[in-house]
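A.B. asks: coordinates for the following, if possible.
(one chain, ligands or ions: 1)
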Amino acid sequence: MRIIRTKAELKAHVRELKRSGKTIGLVPTMGFLHEGHLSLIDIARGKADAVIVSVFVNPTQFAPNEDFDSYPRDFDRDAALCAEHGANAVFAPEPEEMYDPSASTWVEEVSLSKPLCGASRPTFFRGVTTVVSKLFHLAQPDIAVFGQKDAQQLLVVSRMVRDLDFPIEIIAAPLVRGQDGLALSSRNRYLTPDEHLRATNLHRSLVEARAKIEAARAVKSEFIEAAKEVITAAGGKVDYVSALDRTTLREPTAGTTQILLAAAAWFGTTRLIDNELIDF
Ligand code: AMP
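C.D. replies: Prediction:
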């Protein structure tokens, strides 16, 4: 497995793969890999001849008050895991390699990126769409795999690919949880054992709301309020709990066929997100 640090090396590697007729699967990550990330690599391997994993803590998707500096990093472990899971290359540039100091261009999706996480993190998604565009241009993948864990990100990236005609198929990978139900996340590393235990209520709040929505075949505000109470009672601070049409991220309508029930909450200083998809 190759470890690639520069854009020039990545382009050369991609040229080589294309010359030998290989299809390319890309798995963009911020590293500190866990079973969720590894499941994406496994899926990519099943869909493409060669898999490139990017490991890049992308500064442009962090606001100044967020955790860019403290974001967990362990490159050697990440590289070993990627090799174990059959990746052909890991692309791990430094921020200075990825961004020119005078870079002044953004790729921005302006509809799906507004609600949910976009409300409390207004510059987050343009950082994501910008870096993902750059990775797409550099790696020229045939497919790219994104996790349902970040449901809104998956939608925003899919919309960008459609709107800007990237010749790439976006594959959605199922959300991977720990045995206690907590969605796996690199940020779980920040949680104390007590916070970790309490944070399992984030998923519980959604499972309970999901059952109510399915039974009533309707979204009622009392279901959402009850979910918020579950989180608050567990010591969490709610950012949002919301049930929206999965394709528009607007309030469900008569035409809604799937609902994204999504939540974000702080446990201690750690902001966690989770979601459930409900056929409607
Ligand atoms: P991140 O390193 O957090 O930026 O995540 C990189 C990719 O892994 C994104 O497509 C995430 O949606 C995906 N991912 C992260 N956690 C999980 C999980 N628990 N289950 C499935 N995919 C995940």
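A.B. asks: how about the closest residue to the ligand within the stretch 101-250 of the chain, nearest residue that isn't a chain neighbour?
C.D. replies: In the stretch 101-250 of the chain, the residue that lies nearest the ligand is residue 147 (2.2 Å; CB to the nearest ligand atom). Glycine gets a C-beta too; all of them are placed from N, C-alpha and C. Excluding the flanking residues, the one nearest residue 147 by CB to CB, 6 or more residues apart in numbering is residue 173, at 4.9 Å.
A.B. asks: so how many other residues sit close to the one you found?
C.D. replies: Neighbour count of residue 173, defined by other CB atoms under 10 Å: 20.
A.B. asks: now residue 65
C.D. replies: By the criterion of other CB under 10 Å, residue 65 has 6 neighbours.
A.B. asks: what does the stretch 101-250 of the chain put close to the ligand?
C.D. replies: Counting by CB under 6 Å from any ligand atom, the positions of the stretch 101-250 of the chain adjacent to the ligand are 146, 147, 149, 150, 173, 175, 176, 183, 184, 185, 186.
A.B. asks: if we use 5 Å, what do you get?
C.D. replies: Contacts of the stretch 101-250 of the chain with the ligand, taken as CB under 5 Å from any ligand atom, map to 146, 147, 149, 150, 175, 176, 183, 184.
A.B. asks: and the closest residue in space to the third one that isn't next to it in sequence, helix, strand or coil?
C.D. replies: The spatial neighbour of residue 149 that comes closest, neighbours along the chain excluded (CB to CB, 6+ apart), is residue 175 at 4.6 Å. Secondary structure for residue 175, judged by DSSP: H, G, I helix; E, B strand; the rest coil, is coil.
A.B. asks: who's in contact with residue 175?
C.D. replies: By CB atoms under 8 Å, 6 or more residues apart in numbering, the contact set of residue 175 is 36, 147, 148, 149, 183, 274, 275.
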